[in-house]
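Just need the structure, nothing else, for what follows:
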Amino acid sequence: MLIGDLINTAMNLVAFAFIGAMIWLFVRPLAPKDDHSKDTDDAA
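Okay, the predicted model is just below:
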């Protein structure tokens, strides 16, 4: 049953990597909310 254990381990890693990527995508844009200077064209 070694192949089944390897497949189970790979599926667990993929699932947790996907969950981590989704959390990172949702958390990442929340950090720099107060800095809008680079979004405008007339910024120095």
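
pLDDT weak spots in the protein?
Residue ranges of the chain with pLDDT under 70: 30-44.

Tell me which stretches of it form helices.
Using DSSP state H, the helices of the chain run over residues 2-27.

can you tell me how far A10 sits from F26?
Note on A10: its distance to F26, by Cβ to Cβ, to the nearest Å, is 25 Å. C-beta here means a position set from N, CA and C on the backbone, and glycine is covered the same way.

Quick check: the gap between V14 and L25.
16 Å.

Then I7?
27 Å.

Same question for T9.
As judged by Cβ to Cβ, T9 and L25 stand 25 Å apart.

for W24, what are its contacts?
Neighbour list for W24: empty [criterion: Cβ atoms under 8 Å, 6 or more residues apart in numbering].

Distance check, it against T9.
22 Å.

Enumerate every residue touching D5.
Contacts for D5 were tallied using Cβ under 8 Å, 6+ apart; there are none.

can you count the residues close to N12?
10 (other Cβ atoms under 10 Å).

swap in P29?
Neighbour count of P29, defined by other Cβ under 10 Å: 8.

Equivalent analysis for M1, please.
6.

same question, the one 5 residues further on
Here the count is done by other Cβ under 10 Å, and L6 has 10 residues near it.

Name all residues that make contact with it.
Neighbours of L6 in contact, by Cβ under 8 Å, 6+ apart: none.

ok, now how distant is it from N12?
Look at L6 and N12: by Cβ to Cβ, they are 11 Å apart.

And for D5?
Distance from D5 to N12, by Cβ to Cβ: 11 Å.
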